[in-house]
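Colleague: coords please:
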Amino acid sequence: MPSLMSMSAAVTSPRPKPTGPAALTVPPQQRRTRPPERLDPLASCALLATAGRAGFWPAVAAAGTPLVDRLPGDDRHRAVTFLWRGDEPADVLVLANKLTDAAGADKCRMERLPGTDVWALTYRLPHDWRGSYALAPLVPGAAPIVTGADAELVELRRGRALAVATPADRACMHRWFDALVHARPDPYARERLPDATTVASLPDAPPQPWNDPPADVPAGAVVHGALPDGRACRVHHPAGVARTDPLPLLVVLDGGGWAELGLPRTLDALRAADRLPPLRTVGVAAGGPAARTRDLSCDDDFVAALAADVPALVAASGAITADPARTIVAGQSLGGLTAVFATLVAPRRFGCALAQSGSFWWPNPAGGAEPEWLTGVVAHGSRTSGVHLQVGTDEEVLLGPTRRMRDALRARGDAVTYREYSGGHDRACWRGGLVDGLVALTAGWR
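Modeller: A predicted model of the protein is given here:
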């Protein structure tokens, strides 16, 4: 495997090596400065006027949830009402992506309408908001429904969050993580991800027409493989193109999650509609939480493997270009950080980056290092062939760092496309945003 030093000029600023809790790259803890406004459900939701009557829940099932009502004199927002049905004494929380957080668990509690089995919470939300959500009834003595590896991950997140939390926030945070292991999909939701996660898309949310392509779209071929370290990969070859044709390369981090979201079929549909040039795509699995954190925190060894082993794996079943200007690394969260980092330290292999909700705050200054390390060193790197950045307006920890990364890249002359969307740190938003980013980066590849 070639060293990164042979592929790029050295990055002179040493990598930060935080100690303590921040070594796990816990995002900085920050209270929401703009929590969503709660509204009176009975005053905001027309259908709730019939709550308690025999036809209420059948009407909810027909309409789907959450219920969305217009607000008088306000075309930019909607009244969005989440519902839960239950007679038992409980405390029910709405866990909507980035609308609330662990320190604000008390702000997402539903209220029970007197004399009914209806629990409701109404938010005033932007008309173009999209987000995944779950409902968490906390019934005394009830066993958690999240078990096994998923429950272990919740406990890992609990420990990491509490390690950097203020004493005043800890009780509320415990409540939040208790809710996570009792969270379940909304049974009346109109929209779901393939893993059954429920999603709310308001009327003007960006359309995502490529999520469910018609069955008659020509299917590409998916080849399963592994890197030398055993990490699983899926290689997608587009339909109608010879395997001997050297095509552009798309490397997708956290590839297992994207396979669950049906990315290969989305790519098939985009190609059939001539929205993308033919690409060979490889999804690289993340490994467990600890490995993902290590690999995606500006790690030279991981990027070296991406630069050498991943192209070799793809080329074993289909020819690819060696042109970095036709090679994209795409990632989300820490993967977005790594996508930009890869273009900095391996510019002869990776010329383009697609970063969604990139963790450009890294590292957490609570560990004793200066924050936003990568933004501080991009000026010393080679200009890319294109960067596409996206961040949700509900991601308060990421908004400032992402804007500063955008400005730093543009200051050195990079072609940067940039988009802020109404939503959070959310696969429900990323699945459509990935398409938008690919279309933007490949616009001149015809």
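Colleague: identify the bridge partners of the residue nearest to residue 255 when sequence neighbours are not counted.
Modeller: Spatial nearest neighbour of residue 255, excluding adjacent residues (CB to CB, 6 or more residues apart in numbering): residue 283 at 2.3 Å. Using the backbone N, CA and C atoms, a C-beta is placed for each residue, glycine as well. According to DSSP bridges, the residues that bridge with residue 283 are residue 234, residue 252.
Colleague: for residue 222, same thing?
Modeller: Residues in beta-bridge contact with residue 222 (DSSP bridges): residue 236.
Colleague: surely the residue nearest to residue 255 touches residue 258?
Modeller: Yes: the pair residue 283 / residue 258 is scored as a contact, 5.3 Å apart, by CB atoms under 8 Å.
Colleague: which residues do those two both contact?
Modeller: Both residue 283 and residue 258 are contacted by residue 252, under the criterion CB atoms under 8 Å, 6 or more residues apart in numbering.
Colleague: residues touching the helix or strand where residue 418 lies, excluding its own?
Modeller: Using DSSP states H and E, residue 418 sits within strand 416-421. Defining contact as CB under 8 Å, 6+ apart, one finds that strand 416-421 is touched by 128, 130, 206, 386-393, 399, 406, 409-410, 429, 433, 436-437, 440-441.
Colleague: rounded mean pLDDT for it, please.
Modeller: Mean per-residue pLDDT for strand 416-421: 99.
Colleague: buried residues, it. List them.
Modeller: 416-418, 421 (16 or more other CB atoms under 10 Å).
Colleague: of all pairs in those residues, which one spans the longest distance?
Modeller: Farthest-apart pair in the buried residues of strand 416-421 is 416 and 421; separation 16.3 Å (CB to CB).
Colleague: which of the contacts of strand 416-421 fall in helices?
Modeller: 399, 406, 409-410, 429, 433, 436-437, 440-441 (DSSP state H).
Colleague: closest one of these to residue 320?
Modeller: residue 441 (16.3 Å).
Colleague: still on that earlier bit, show me which of the contacts of strand 416-421 are buried.
Modeller: By neighbour count, with 16+ other CB under 10 Å, those hold 128, 130, 206, 386-393, 406, 409, 429, 433, 436-437, 440-441 as buried.
Colleague: for the stretch 151-300 of the chain, just list every one of the helices.
Modeller: Along the stretch 151-300 of the chain, counting by DSSP state H, counting those that start in this stretch, helices occupy 170-180, 255-260, 263-272, 289-295, 300-315.
Colleague: could the ones you listed go into JSON lines alongside mean neighbour count?
Modeller: JSON lines is the format used below for those (neighbours: other CB atoms under 10 Å):
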{"stretch": "helix 170-180", "mean neighbour count": "18"}
{"stretch": "helix 255-260", "mean neighbour count": "18"}
{"stretch": "helix 263-272", "mean neighbour count": "21"}
{"stretch": "helix 289-295", "mean neighbour count": "16"}
{"stretch": "helix 300-315", "mean neighbour count": "20"}
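Colleague: let's have those helices in TSV, adding mean pLDDT.
Modeller: Shown next, in TSV, are the helices of the stretch 151-300 of the chain (pLDDT from 0 to 100):
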stretch	mean pLDDT
helix 170-180	89
helix 255-260	97
helix 263-272	98
helix 289-295	89
helix 300-315	97
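Colleague: CA atoms of stretch 116-124 as PDB?
Modeller: Listed next in PDB are the C-alpha coordinates belonging to stretch 116-124 (Å, rounded to 0.1, in the frame of the first residue of the first chain):
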ATOM      1  CA  THR A 116     -59.600  10.400  25.800                       C
ATOM      2  CA  ASP A 117     -56.900   7.800  24.800                       C
ATOM      3  CA  VAL A 118     -55.300  10.500  22.700                       C
ATOM      4  CA  TRP A 119     -51.800  11.800  23.400                       C
ATOM      5  CA  ALA A 120     -50.700  14.800  21.300                       C
ATOM      6  CA  LEU A 121     -47.800  17.200  20.700                       C
ATOM      7  CA  THR A 122     -48.000  20.000  18.200                       C
ATOM      8  CA  TYR A 123     -44.900  21.900  16.900                       C
ATOM      9  CA  ARG A 124     -44.700  24.900  14.600                       C
END
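Colleague: start the count at 47 instead of 1 going forward.
Modeller: Shifting the count to begin at 47 puts that one at stretch 162-170.
Colleague: who touches that stretch?
Modeller: Contacts of stretch 162-170 (CB under 8 Å, 6+ apart): 82-87, 90-91, 94, 97-98, 102, 117, 123-133, 138, 140, 142, 145, 154-159.
Colleague: let's see which of the residues you listed end up in helices.
Modeller: Counting by DSSP H, the part of these found in helices is 87, 90, 102.
Colleague: narrow those residues to those that are buried.
Modeller: 87, 90, 102.
Colleague: closest one to residue 424 out of those, please.
Modeller: Residue 424 lies nearest to residue 90 out of these, by CB to CB, at 45.6 Å.
Colleague: pLDDT below threshold where in the chain?
Modeller: Filtered on pLDDT under 70, the chain yields the residue ranges 47-60, 63-71, 75-77.
Colleague: show me how the record splits it into domains.
Modeller: Using automatic domain parsing, the domains assigned to the chain come out as 50-73+254-487, 83-247.
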